[in-house]
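Enquirer: Sequence and predicted model, in that order:
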Amino acid sequence: MKRQVETKIPTTWGSYKIIAFAESPDELNPAVVLIHEEMDIDSPVMVRIHSECLTGDVFHSKKCDCGPQLEKSMQMIEENHGILIYLRQEGRNIGLINKLKAYKLQEEGMDTFEANVALGFKYDQRKYDVAVEILEDLGVTQVRLITNNPEKIDAIDNSSIKLVERIKIEIPKNSFNSKYLQAKKDMMGHLIK
């Protein structure tokens, strides 16, 4: 992964440096990093590693907790001058079309993980080594990681970066996402109530 372009972006949550990371400049779906303009590299940096979720992040789907997690993370990152790493791993890295097919199977009674398996995929195909590469490239050595996902914690623990703190991020359940949240806890060990 290489830095392909770097510029500034003003957002609802403050001003950031935005960097696209990819293997080549022709990559259509690069990883994107937002770095708060006042981030202090010498202190433990608050970091959110967030996998793309078009339905939740953009359309505010109530079937998942992705959009609210992203918004809450950005508020915390603004307050603590941190970093967002936005990985292009739609639908647990099965792509948007397959994710929508999984939605259809969920309408028939499957949970999110059963639907992925029924489509021929693993429960979760996401990888977080790219996020570690990006943090190392940025010179980050200590993080305060916003996550409920033990795989993200493992990725940091198995790297040169020190995990100083795990910050939980819980989103209230609703009638559309309660089964989804329970499946994340039961099937993947997510650290949620």
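Expert: It's in.

Enquirer: ok, now how distant is residue 7 from residue 16?
Expert: Taking CB to CB, to the nearest Å as the criterion, residue 7 is separated from residue 16 by 10 Å. Any C-beta I mention is one placed from the backbone N, CA and C, and that applies to glycine too.

Enquirer: Of these two, give the one with the bigger neighbour count.
Expert: In terms of neighbours (other CB atoms under 10 Å), residue 16 is the more surrounded of residue 7 and residue 16; the figures are 22 against 9.

Enquirer: For the more buried one, give the beta-bridge partners.
Expert: Beta bridges link residue 16 to residue 9, residue 36 when assigned by DSSP bridges.

Enquirer: Likewise for the one 4 residues further on?
Expert: With DSSP bridges applied, residue 20 shows beta-bridge pairing to residue 5, residue 32.

Enquirer: shaky segments in the chain?
Expert: For the chain, applying pLDDT under 70 flags the ranges 177-192.

Enquirer: residue ranges of the strands in this structure, please?
Expert: Along the chain, the segments classed as strands by DSSP state E run 2-11, 14-22, 31-36, 45-51, 83-87, 142-146, 162-167.

Enquirer: Pull the residues that contact the fourth one.
Expert: If I follow you right, that is strand 45-51. Residues external to strand 45-51 that are found in contact with it (CB atoms under 8 Å, 6 or more residues apart in numbering): 39, 66, 69-70, 73-74, 76-77, 80-87, 89-90, 92-93, 126, 128, 131, 135, 140, 142-147, 152, 155, 167.

Enquirer: and if you look at the third one?
Expert: Contacts made with strand 31-36 from outside it, assessed by CB under 8 Å, 6+ apart, are listed as 1, 9, 11, 14-22, 77-78, 81-88, 130-131, 134, 138.

Enquirer: List only buried entries from those residues.
Expert: When neighbours are counted using 16 or more other CB atoms under 10 Å, the contacts of strand 31-36 contain these buried positions: 1, 14, 16-22, 77-78, 81-87, 130-131, 134, 138.

Enquirer: What count of nearby residues applies to residue 79?
Expert: Using other CB under 10 Å, residue 79 has 12 neighbouring residues.

Enquirer: List the residues that contact residue 137.
Expert: 1, 3, 21.

Enquirer: middle-most residue in the chain, spatially?
Expert: residue 50 (1.2 Å; CA atoms, centre = their mean).
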